[in-house]
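Student: Generate coordinates for the sequence data below:
(one chain, ligands or ions: 1)
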Amino acid sequence: MKRTLLVLGGGIVGLSCAYEALKQGWRAIVVDRGEIGGQASGAAAGMLAPFYENGDGPDAFFRLCMDSFARYPAWTAEIEDVAGARAGFVRSGSLHVAYREADRLPLFGRLAWQARHSAGLEWLDEAALSRIEPSLPPGLAGALYCPEEAHVQAPLLVKVLAGACERLGARLLPLAGELTDIGQGAAGGLSARFEAHGTIGADALCCCLGAWSGLLADWLRLRIPVHPIRGQICAYDPAPVSLRHIVFGPQAYWVGKPDGSLVCGASEDEAGFDRTVTAGGIGRLVRAGGRMFPVLAGAAPARSWAGLRPATLDGWPLIGPAPGRSGVFVAAGHYRNGILLSPATSAAFGRWLAAGGGAGGDEASEAFRPDRFGVRGTGERWAATPV
Ligand SMILES: Cc1cc2nc3c(=O)[nH]c(=O)nc-3n(C[C@H](O)[C@H](O)[C@H](O)COP(=O)(O)OP(=O)(O)OC[C@H]3O[C@@H](n4cnc5c(N)ncnc54)[C@H](O)[C@@H]3O)c2cc1C
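Tutor: Model (predicted):
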């Protein structure tokens, strides 16, 4: 009989882990308190930018980003084939623009070490910059050009991934209400009870609750310092300016999407679990837009929205087995890069599943261990307090 994986959380991380299990012949049930993809994953700009996101040096996080990035084209193509729908992967390249000479120093610093990891990474002076991205204004101090960086339409990718999971037989259970109990029997069997679905039993459990991951800390006997960082973001539709590349500026970024819109993101602030869009948050993006692209000055975005990035204390995700609970894997805390990191996260989950819960020992398993912040509690009692 097929074994059953229960995935808590139907964002991109949970869905990608479910997809991996289905490919290995497991049954998969994905349960979400709200809509599938209704939180951070559906709000993301969808940039796949391992170079932009790693300014400091080639550490374990950079290598994880690069591993995931390398997997992306084949991963999306496979999911698209299974689902029979496209997810909008575009290898546009990116430009990290310097307004003034002083902005160039950190970009030169990035170039110095990142050029070893990307054949095409180079510095463009103003003339070269306006040749490859003519919509930028004159007078800029140049840009770091990364021809490899890419983007997807994150809400679309989530839909396609959910469709692929369903095609492989997954049960997706949105609008499940609160998790009211979770437990592990003496024989190792796992179960979770949801308001709308009652008790669901499973042989393995994957915890992918995004910004809400702290909910399981007591039961997992782990400190899970994941907290929400609100991101506000907007879109001009149709795009008043047609961009060939992702453009990063000092206060915002802009991505032209295949659906004809121009996405501009994103603020970062702490507002608890509040996803409200504020005039101040979007106003800053609008002003940054007018400064970078004169045609955006005075233009009003057609849509604005917000999502909660799941941030950890050290900014690195939690990926790996929960040491105190057999058959339980944690994949959470992907902060600004959950879209980028889903292929590598689900691959790590897949290795663990294939090894019967015994994989590990490699650099990534060590660097992103879910118990690296320590343990807590006894795990005997679980208080079903909604976060
Ligand atoms: C504005 C913005 C822009 C971003 N841009 C990018 C980008 O360009 N590139 C990139 O790589 N990343 C980006 N990110 C980050 C990325 O969106 C996240 O890292 C990623 O979506 C996290 O995925 P997740 O599945 O862990 O979390 P989520 O998508 O938040 O999914 C967690 C799920 O758990 C569910 N849940 C919560 N509590 C319970 C419960 N008790 N029971 C059951 N289910 C529950 C939630 O409803 C939710 O659906 C961006 C984020 C934001 C907000």
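
Student: In the stretch 151-300 of the chain, what residue spans correspond to helices?
Tutor: With helices called from DSSP state H, counting those that start in this stretch, the stretch 151-300 of the chain shows them at 154-167, 217-220, 279-292.

Student: Up against the ligand, what does the stretch 1-150 of the chain have?
Tutor: 8-14, 31-34, 38-41, 43-47 (CB under 6 Å from any ligand atom). Any C-beta I mention is one placed from the backbone N, CA and C, and that applies to glycine too.

Student: Mind checking which of those residues are buried?
Tutor: Buried by 16 or more other CB atoms under 10 Å: 8-14, 31-33, 38-41, 43-47, out of these.

Student: Can you list which of those are found in strands?
Tutor: 8, 31, 47 (DSSP state E).

Student: Show me what stretch 247-257 is in contact with.
Tutor: Outside of stretch 247-257, the residues within contact range by CB atoms under 8 Å, 6 or more residues apart in numbering are 45-47, 49, 52, 88, 92, 94-97, 99, 103, 133, 136, 151, 153, 235, 239, 242-244, 246, 262-266, 284-285, 288-289, 291-293.

Student: In it, which residues are buried?
Tutor: 247-249, 252-257.

Student: Is that stretch in proximity to the ligand?
Tutor: No. Judged by CB under 6 Å from any ligand atom, stretch 247-257 stays clear of the ligand, getting no closer than 7.8 Å.

Student: Output stretch 19-33 as CSV, restricted to C-alpha atoms.
Tutor: What follows is stretch 19-33, C-alpha atoms only, in CSV (Å, rounded to 0.1, in the frame of the first residue of the first chain):
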residue,chain,number,x,y,z
TYR,A,19,5.2,17.1,-5.8
GLU,A,20,8.5,15.4,-4.9
ALA,A,21,6.8,12.8,-2.8
LEU,A,22,4.2,12.0,-5.5
LYS,A,23,7.0,11.3,-7.9
GLN,A,24,8.4,8.8,-5.4
GLY,A,25,5.1,7.0,-5.3
TRP,A,26,3.7,8.4,-2.1
ARG,A,27,0.1,9.6,-1.7
ALA,A,28,0.1,13.3,-0.7
ILE,A,29,-2.4,15.4,1.1
VAL,A,30,-1.8,19.2,1.3
VAL,A,31,-3.8,21.0,3.9
ASP,A,32,-4.0,24.8,4.1
ARG,A,33,-5.8,27.0,6.6
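
Student: So what's the gap between that stretch and the chain middle?
Tutor: On the basis of CA atoms, centre = their mean, to the nearest Å, stretch 19-33 sits 19 Å off its chain's mean C-alpha point.

Student: could we number from 804 for the rest of this?
Tutor: Yep, numbering from 804; the last one is stretch 822-836 now.

Student: List the buried residues for that stretch?
Tutor: For stretch 822-836, using 16+ other CB under 10 Å, the buried residues are 822-826, 829-836.

Student: Now list the buried members of the contacts of stretch 1050-1060.
Tutor: Judged by 16+ other CB under 10 Å, buried ones among these: 848-850, 852, 855, 891, 895, 897-900, 902, 906, 936, 939, 954, 956, 1038, 1042, 1046, 1049, 1065-1069, 1088, 1091-1092, 1094-1096.

Student: Turn the helices of the stretch 954-1103 of the chain into TSV, including mean pLDDT.
Tutor: Listed next are those as TSV, based on pLDDT from 0 to 100:
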stretch	mean pLDDT
helix 957-970	98
helix 1020-1023	93
helix 1082-1095	96
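
Student: right, so of the ones you listed, which gets closest to the ligand?
Tutor: helix 957-970 (6.6 Å; CB to the nearest ligand atom).

Student: Max pairwise distance over the buried residues of stretch 1050-1060: which two?
Tutor: Spanning the widest gap among those are Gly1052 and Lys1060, at 17.9 Å by CB to CB.

Student: What about the buried residues of stretch 1050-1060, which are in strands?
Tutor: Filtering those for strands - DSSP E - leaves 1050-1051, 1056-1059.

Student: Find the closest residue to the ligand in the stretch 804-953 of the chain.
Tutor: Counting by CB to the nearest ligand atom, the stretch 804-953 of the chain gets nearest the ligand through Gly814, at 2.2 Å.

Student: give the contact list for that residue.
Tutor: Gly814 neighbours (CB under 8 Å, 6+ apart): 835, 840, 842-844, 961, 1011, 1013, 1141.

Student: measure the nearest residue to it once chain neighbours are set aside to Ala1082 for me?
Tutor: Closest residue in space to Gly814, ignoring its immediate chain neighbours: Ser844 at 3.9 Å, by CB to CB, 6 or more residues apart in numbering. To Ala1082, Ser844 is 26 Å away according to CB to CB, to the nearest Å.

Student: Spatially nearest residue to Phe1076 (excluding sequence neighbours)?
Tutor: Of all residues not flanking Phe1076 in the chain, Pro1031 sits nearest, at 5.6 Å (CB to CB, 6+ apart).

Student: I'd assumed Asp1072 was in contact with that neighbour.
Tutor: No. Counting by CB atoms under 8 Å, Pro1031 sits too far from Asp1072 to count as a contact (10.1 Å).
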